[in-house]
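Novice: have a look at this prediction, sequence included:
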Amino acid sequence: MGTGGEYNPKLLGIICNWCCYGGADLCGVSRLQYPPHIRLIRVMCSARVDLAHIFRAFLHGLDGVFVGGCHLNDCHYITNGNYNALGMVKICKKLLEHIGINSERLRLEWVSAGEGVRFANIMNEFAPGIQKLGPLGSSEGIDEKTLRFKLEAAAKLIPYIKLVERERLRTPRELRASSEPEKEYDKFFNSEETNRLFYDAIVSKLVISQVTSLLREGPLSTGEISEALGLSPSEVSRQLNISSRQGLVRYDAGLKRYVAA
Amino acid sequence: MAKELEMISEQILKGVPVGNFGDVMVVGGGISGIQAALDLGAAGFKVYLVEKSPTIGGHMAQLDKTFPTNDCSMCIESPKFNECSRHPNIEILTYTDLDGVEGKAGDFTVTILKKPRYIIEEKCTGCTTCVEYCPVTYPDRFNQEISKNKAVHIYFAQATPLVTYIDDSCLYLKEKKCRICSAVCKTGAIDFNQMAEKVEVKVGAIILAPGFKPFDAKLRDEFGYGRMENVVTSLDYERLLCATGPYGGEIRRASDGKHPRKIAWIQCIGSRQVLAGANSYCSAVCCTYTQKQVILTKDHDADAECTIFHNDIRSYGKDFERFYQRTANLSGVRFIRSYVSIGKEIPESKNVTIRYSTPDYGVKEEEFDMVVLSVGLTPPADFKDIAAKCGIELNSHGFCRTNPVNPMQTTRPGVFISGAFQGPVDIPESVVTASGAGSQCGELLSYRRWKLSKERIYPEERDVSREEPRVGVYVCHCGANIGRIVDVPSTVDYALSLPSVVHAEESLFICSTEAAQKLSKSIREKGLNRVVVAACTPRTHEPLFRDTLREAGINQYFYDMANIREHCSWVHSKEQEKATEKAKDIIRMSVARACRLEPLREYDLPVDKAALVVGGGVAGMTCALSIAKQGHQVHLVEREKELGGTARRIHYTLEGLDVQAFLGDLIGKVYRHPGIHVYTEATIFEVAGFVGNFTTRIKSRRGFSEIKHGAAVIATGAEEYKPSEYLFGEDERVMTQLALEEKIAEREQGTINSRSMVMIQCVGCRQEDRNYCARICCSHAVKNALKLKEINPEMDIRILFRDMRMYGFREDYYRGAAGRDVKFIRFAPEDKPRVEPVVEEGRPVLRVTVPDPVLGQRLALDADRVILSAAVVPSEGIKEIAGLFKVALGPDGFFQEAHVKLRPVDFGAEGVYLCGTAHYPKHISEAVSQAYGAAGRALTLLSHDTVAASGSVCEVDESRCVSCGACITVCSYGAIDFYRTPKGKKAVVNPVLCKGDGLCNTVCATSAISLKHYTDEEIFSQIDAVVPSMHAEAC
């Protein structure tokens, strides 16, 4: 955050060596200009980018994260790992939205090593876009403490999310063979089925994880919890019921509040 | 007197050929010679690289950028200088002339003449103190004599070797006075007693790569060069554009130092003209280099007005057409097709006027601030001398006379050429022929491979596992590329303030040989165990610095590169402060990462000595033969029933070669060679493995085969476009050039007795859906037209064209065709010719109507045959091949090489090479060059027993592995498997199969598997360091 003057967003890019990094290099060689807010990290394949990396960045207060890979079916590796990056980003965006962070703060793009112009164009959109959104958290109406708490809760869940993704939320392989795989991925991740699964398997866990963290600091009522988490009271009581049954929390009749078990 | 005698005898003794044995001598240290030396050195031969000027580099070093990617020329060439000078099998002899060649192929005695540079190379550190004190200034040749340099100086900043030399303008050499340099030199490196030294070297083969000489614009006095201050040549302009140029990268006029705003380029200076002092051929590179200069001029000054006076625009190369469009679409850029003459120099402003004419406005005279003469390429200055000393023949233009189907073969066995000595060619062609000439030397000298060569020996690695991180940070100015934007000294200060950083310094060019040596020394002296170089992109420079670490006795993975050029100074050039801040952030992230890096070991993989060549056309067969002749088994896979490819339909070349005889001979050689295994009617259905160890499964006439091979060459060719235009397929009198050629070969009476014929160029290309020039069709049309004129001189032949792209010596045939009354009519793409069948005076004809640009009305041409110069298109199935071998296709659907300029026959995928029309349309001789080139490149791999695999592979922490198998499922390389342990089955990585992409890491729920060099800890450290305070916490 600038002192007084204009707001300069802090942005991180994690980009693959073979395509996007090459595109960023070519952008430089061609002397195409873009705003100086982004810091780039090189990985060999966009598939190496982990949910944990993205949450770590947001936990440090970075305002936007960019992931860059090869165009679909152009992956340097026969793993076609950029499809995995696509799936990971879709899930990450859902998580961000769920905890109240604008998912536009995370952007995935395909840039080939020959697309210096494309890289510049993307950078010239991304930085001003985030600038317009404003600083992470405060522009979403989340105070710093809550933001941290929510991000930490989500980050803690990452190993579990990986299991869910593997067991229940796996993107069907045949989507890759479609002529417009990205649209198919969109459809898949926005389908009712996926949303239901995401809700059942991940969101509930996320809420429970947040609730237990909150209760560790002191007893709270349903209303207080719902306010702290920005969730509807009915949603919160539903999750509290589940958690009580699992023995994670209990209702203290004396305090008329929930406490950590 | 006695002393002098002693000295002379010492000089003579030095020249005695004791130990002067090599395998190959490469004469000429430009990019072509450098590539030849590097390939041969890597393939196990001892190479002498002889260069007449004080440094290697050649003309490429003088260029600012290279088309069509506008890569910085020095940035891509200088790492190769370094590679050469560090190569244990390459001995560089600069400031040395070739004096004579005795002997025969396999056993040459070459006499070379080492000119006195008056500097003892071993003693000079390149500190340039002498340059500072030298009182004599004289015009700097590297900067085209636009700026001044000293009598003692270094040729250019990245010169290799990086030592000074003393020019003949030196006062002491002229008048025996001064010697200030001797007095100030701290190392005693100045030696005025040096004399020319004759040395004999025994080698088995010679590659001549003497390059070219830019046309001397003074020979065309009417253009005012040398008389008018603001008339410059294109090479002068190249230096003006360059950051290391006479005005530090500012374009200024000689007359007043002002920035020119209105600049004109005049094309074809010294080319395409049958005049005394000019050359008849086309110089092949000027159209595109001019476009590059226009783009760069607009980069320097967005308001510049650029005008190009040209004849045909010859954008015949890969991606050239788009480059031309990119230039033409810039604002303030005019392309004017007109012959021009210089009007006058205006005495007050020193502006220059140009007279030109256009069909719309007639003759005009216009004033320009600066005029650039796009000079052509001529034979090297001493071409006659070279020919006489080497005993080779020249062609009528003074270039080397070569075998018509082998542009690298001279008239003397064992003497090959590469680069522009074959005629005007661009950089990729120079590189291709260098690798190709190398392969042919290999064929000749295969029996002595690895006999004289040396292995690179590195000092033992220091064990630093118990040391705290001691990071050294080196920040590069890259001339002005970084230093002009980023405040380099402040980044150095900042680096020193970071935890664990014990040393930081700046460097003008950290990639220079001298700087790299200093770096290595400083690592040892300061006891560093981690190194960060803040400079350019790791994609080009990481290998160089890793090597430097090895030389300093440090594990090469203790290195990280902070890219503050491509990702900072170049993209934030208008925000110096913020760019400096960003550079500091990048350095901080790099340092944080460096602290966590671990030493890694590389694996030596065995190399299967066999090669697979896919495609049995001219390129594939030539390549297969060249590899087989060097003692390797070659599996040649062809889709069709017979070998030969498209050449089966070609009967003669423009130059008169009997293609069928050549092809028959080639096929015979392939079948007779015991090392070549031919598989026809073959389909590939699986390619597994990796560099050095591929397994390809095919089905062919021989049935199913599983082929094991270390390298693969893709030579799948291209196809003729099947037109949908101009009644093709509806009227049998409309045919393609290839069909016409077959009819001529058969002497089909109806065709050869036609009274009139119309040929239409650019059918199916240079248009939106196929936005490229198919390169060969103009020559194809002229070739067939000339052949028809030979058979039936009465035939009326008209060629309707957009630009006649008869580049190089092909121009002579174009002129020849015009001389034989073949008529050329230009049309515009907006108003294409129309073809309709009509009956004229009882004779059924095809009526072709086309607008006449001169008369402004439509011409109606009646023809018995209409010939379509159909585009060359990627071959069917190219996508499947690309998928199988995991190699890329370019925007036009042809294969995409690893680097347009310097790796033209390599793929990004290791161990896979490319040649022939699968790369881009090309003539037979060009396909042959590439075929030898690919063979030469393949040999740099196949001649080794092992190839080193990266140390950056995955590893499993067994204690965390829960045996879920997620990693095994996603690894398409099959690099991970379960194995039994006392604690149950656990995943384990086969490091040889692991490609280091790291996908498995992100699916592992327990973080048990991690990619070395890209571990979570390393990546987190970088993320943490994005924000300064976090870094402080972390360290």
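Specialist: It's in. Numbers count the residues shown, from 1 in each chain, chains lettered A, B, ... in the order given.
Novice: stretch B:916-924 near chain A at all?
Specialist: No. Contact of stretch B:916-924 with chain A (CB under 8 Å from any CB of the partner chain) is absent, the minimum separation being 15.1 Å. To be clear about C-beta, it is placed using only N, CA and C from the backbone, and glycine gets the same treatment.
Novice: centre of the chain to that stretch, how far?
Specialist: 16 Å (CA atoms, centre = their mean, to the nearest Å).
Novice: now the strands for the stretch 751-900 of chain B?
Specialist: Secondary structure of the stretch 751-900 of chain B (DSSP state E, counting those that start in this stretch): strands located at B:756-763, B:796-801, B:823-826, B:834-840, B:843-851, B:858-863, B:865-870, B:872-874.
Novice: can you list those strands in TSV and add mean neighbour count and mean pLDDT?
Specialist: Formatted as TSV, these follow (neighbours: other CB atoms under 10 Å in any protein chain shown; pLDDT from 0 to 100):
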stretch	mean neighbour count	mean pLDDT
strand B:756-763	25	97
strand B:796-801	22	97
strand B:823-826	17	95
strand B:834-840	13	95
strand B:843-851	18	95
strand B:858-863	17	94
strand B:865-870	28	98
strand B:872-874	24	97
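Novice: output those strands as a markdown table; include the columns distance to B:Arg449.
Specialist: Formatted as a markdown table, the strands of the stretch 751-900 of chain B follow (distance: least, CB to CB, whole Å):
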| stretch | distance to B:Arg449 |
| --- | --- |
| strand B:756-763 | 47 |
| strand B:796-801 | 49 |
| strand B:823-826 | 51 |
| strand B:834-840 | 58 |
| strand B:843-851 | 59 |
| strand B:858-863 | 58 |
| strand B:865-870 | 45 |
| strand B:872-874 | 36 |
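Novice: mind checking those strands for the one nearest to B:Glu725?
Specialist: Distance to B:Glu725, taken as CB to CB, is lowest for strand B:756-763 among the strands of the stretch 751-900 of chain B, at 5.8 Å.
Novice: what pairs with that closest one, and is each one parallel or antiparallel?
Specialist: Next to strand B:756-763 in the sheet, as set by DSSP bridges, lie strand B:796-801 (parallel), strand B:865-870 (parallel).
Novice: what's the spacing between the residue nearest to B:Val835 when sequence neighbours are not counted and B:Met759?
Specialist: Once flanking residues are discounted, B:Val835 sits nearest to B:Tyr726: 4.5 Å by CB to CB, 6 or more residues apart in numbering or on different chains. Using CB to CB, to the nearest Å, B:Tyr726 is found at 11 Å from B:Met759.
Novice: overlap in contacts, these two.
Specialist: B:866, B:868 (CB atoms under 8 Å, 6 or more residues apart in numbering or on different chains).
Novice: distance between the ends of stretch B:297-307?
Specialist: End-to-end distance of stretch B:297-307 (CA to CA, to the nearest Å): 11 Å.
Novice: could you give the mean pLDDT of it?
Specialist: Averaged over stretch B:297-307, pLDDT sits at 94.
Novice: now that stretch: buried residues?
Specialist: When burial is assessed from 16 or more other CB atoms under 10 Å in any protein chain shown, stretch B:297-307 yields the following buried residues: B:297-299, B:301, B:304-307.
Novice: is that stretch anywhere near chain A?
Specialist: Yes. If you take CB under 8 Å from any CB as the test, stretch B:297-307 does meet chain A, through B:Asp299.
Novice: what comes into contact with that stretch?
Specialist: For stretch B:297-307, using CB under 8 Å, 6+ apart, the contacting residues are A:31, B:241, B:249-251, B:259-265, B:294, B:330, B:332-334, B:336, B:366, B:368.
Novice: can you say which of the residues you listed are buried?
Specialist: Listed as buried from the contacts of stretch B:297-307 are A:31, B:241, B:249, B:251, B:260, B:262-265, B:294, B:330, B:332-333, B:336, B:366, B:368; burial here means 16+ other CB under 10 Å.
Novice: closest one of those to B:Asp997?
Specialist: Nearest member of those to B:Asp997, counting by CB to CB, is A:Arg31, at 31.1 Å.
Novice: residue boundaries of the strands in the stretch 101-250 of chain A?
Specialist: In the stretch 101-250 of chain A, the strands defined using DSSP E, counting those that start in this stretch lie at A:106-110, A:249-252.
Novice: farthest pair within the buried residues of stretch B:297-307?
Specialist: In these, two members sit farther apart than any others by CB to CB. They are B:Asp299 and B:Thr307, at 17.3 Å.
Novice: how about the CA coordinates for stretch B:558-578, as CSV?
Specialist: Taking C-alpha atoms only, stretch B:558-578 is exported to CSV below (Å, rounded to 0.1, in the frame of the first residue of the first chain):
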residue,chain,number,x,y,z
PHE,B,558,23.6,-23.5,-5.4
TYR,B,559,22.8,-21.0,-8.1
ASP,B,560,19.9,-18.7,-8.7
MET,B,561,19.3,-16.2,-11.3
ALA,B,562,17.4,-13.0,-10.6
ASN,B,563,15.9,-11.8,-13.9
ILE,B,564,16.1,-8.0,-13.7
ARG,B,565,16.4,-7.4,-17.4
GLU,B,566,13.6,-9.2,-19.3
HIS,B,567,11.3,-9.0,-16.3
CYS,B,568,12.3,-5.6,-15.1
SER,B,569,14.5,-3.0,-16.8
TRP,B,570,13.2,-3.8,-20.3
VAL,B,571,9.5,-3.8,-19.3
HIS,B,572,9.6,-0.9,-17.0
SER,B,573,11.9,1.3,-18.9
LYS,B,574,10.0,4.5,-18.1
GLU,B,575,9.7,3.9,-14.4
GLN,B,576,13.3,3.9,-13.2
GLU,B,577,12.6,4.2,-9.5
LYS,B,578,10.0,1.5,-9.4
